[in-house]
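*Asks:* Mind looking at a prediction? Sequence and model below.
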Amino acid sequence: MTRSPSIAGLILAAGASSRMGTDKALLPWRGGTFLQAQIEALRMVTEMVIVVAGANAESLKPIVYASGAFLVTNPQPELGQFSSLQVGVQAVLNYGRDAAMITLVDRPPVQPSTIDTLRTAFLRALETGKWAVVPETQGMHGHPILVAREMMEAFLRAPATSNAREVQHAHQDRIEYVPVVDPHAVINVDTPEDYRRLTGTPA
């Protein structure tokens, strides 16, 4: 029997949000912000939540700390999302956790039932030698993903010019794809139009 891992939540929030025109982490969502909602969702099923910020670190600090999460800063966010992922998983390992539930801040959180389904599938998958589980809905792969230490170490070994999809593809046999019925698992909110469609607000 595989020992149950200590899981940290990891939210990547260092993007410049250039297409949105405002920090996507701070977009209003159900009485709070995207960032607050993601922290709260992950806090329910993880031992701690880590937020990776970039140039926006000072503006995110009040939300992160008020929500009981931890903040780490990507010193070179201009290198792209994969560099934030590497900063984040290194922080997870530094804090002594050996698994991570990783999501992006530019979307609303998935349903609690989806998180429970993924966590249960992850714990079961570890017993068969898998390194990660990824949600799949509407024929697409999404977030949050759960990764074991082995996958985090694979992310860290990859060059900064790589991306998570390439690393996952290189270890395809170690990944389990979990069907979920949750459109938020695959939604992307990149532009004001995306946000208006999500919230049903007029242009």
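*Replies:* Good, I have the coordinates.

*Asks:* So for this structure, the centremost residue is which one?
*Replies:* residue 103 (1.3 Å; CA atoms, centre = their mean).

*Asks:* excluding its backbone neighbours, what's nearest that one?
*Replies:* Counting by CB to CB, 6 or more residues apart in numbering, residue 144 is the residue found nearest to residue 103 once chain neighbours are left out, at 3.9 Å. No exception for glycine: its C-beta is placed from N, CA and C like everyone else's.

*Asks:* The one you found reaches residue 115, doesn't it?
*Replies:* Yes - counting by CB atoms under 8 Å, residue 144 does reach residue 115; the two are 7.1 Å apart.

*Asks:* Touching both of the two, which residues are there?
*Replies:* Common neighbours of residue 144 and residue 115, using CB atoms under 8 Å, 6 or more residues apart in numbering, are 42, 101.

*Asks:* So for those two, which sits in the more crowded spot?
*Replies:* Neighbours were counted for residue 144 and for residue 115 using other CB atoms under 10 Å; residue 144 has more, 28 against 24.

*Asks:* how close does the spatially closest residue to residue 13 that is not a sequence neighbour get to residue 20?
*Replies:* Leaving aside its sequence neighbours, residue 13 sits nearest to residue 105 (CB to CB, 6+ apart; 3.8 Å). Residue 105 sits 11 Å away from residue 20, going by CB to CB, to the nearest Å.

*Asks:* Who has more neighbours out of these two?
*Replies:* More crowded of residue 105 and residue 20, by other CB under 10 Å: residue 105, with 28 against 18.

*Asks:* List phi and psi for that one.
*Replies:* Phi and psi for residue 105, reported as degrees, to the nearest 10, are phi -80, psi -10.

*Asks:* Contact partners for it?
*Replies:* So residue 105 contacts 11, 12, 13, 15, 24, 25, 34, 35, 38, 51 (CB under 8 Å, 6+ apart).

*Asks:* Give the next helix or strand downstream of the strand or helix carrying residue 85.
*Replies:* Per DSSP states H and E, residue 85 falls inside helix 81-94. Per DSSP H and E, the first helix or strand lying C-terminal to helix 81-94 is strand 99-104.

*Asks:* Now do that following strand: distance to the chain's middle.
*Replies:* In terms of CA atoms, centre = their mean, to the nearest Å, the centre of strand 99-104 is set 4 Å apart from its chain centre.

*Asks:* Contacts for the very next helix or strand once past it, please.
*Replies:* Next helix or strand after strand 99-104 toward the C-terminus (DSSP H and E): helix 112-126. Helix 112-126 is contacted from outside by 2, 4-5, 7, 41-42, 44-45, 99, 101, 109, 132-133, 135, 144, 146, 148, 176, 178, 180, 182, 184-185, using CB under 8 Å, 6+ apart.

*Asks:* Which of these fall within helices?
*Replies:* Among the contacts of helix 112-126, DSSP state H puts 41, 42 in helices.

*Asks:* For the contacts of helix 112-126, which ChimeraX command selects only the ones that are buried?
*Replies:* Buried residues among those (16 or more other CB atoms under 10 Å), as a ChimeraX selection:
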select :5,7,41,42,45,99,101,109,132,133,135,144,146,148,176,178,180,182,184,185
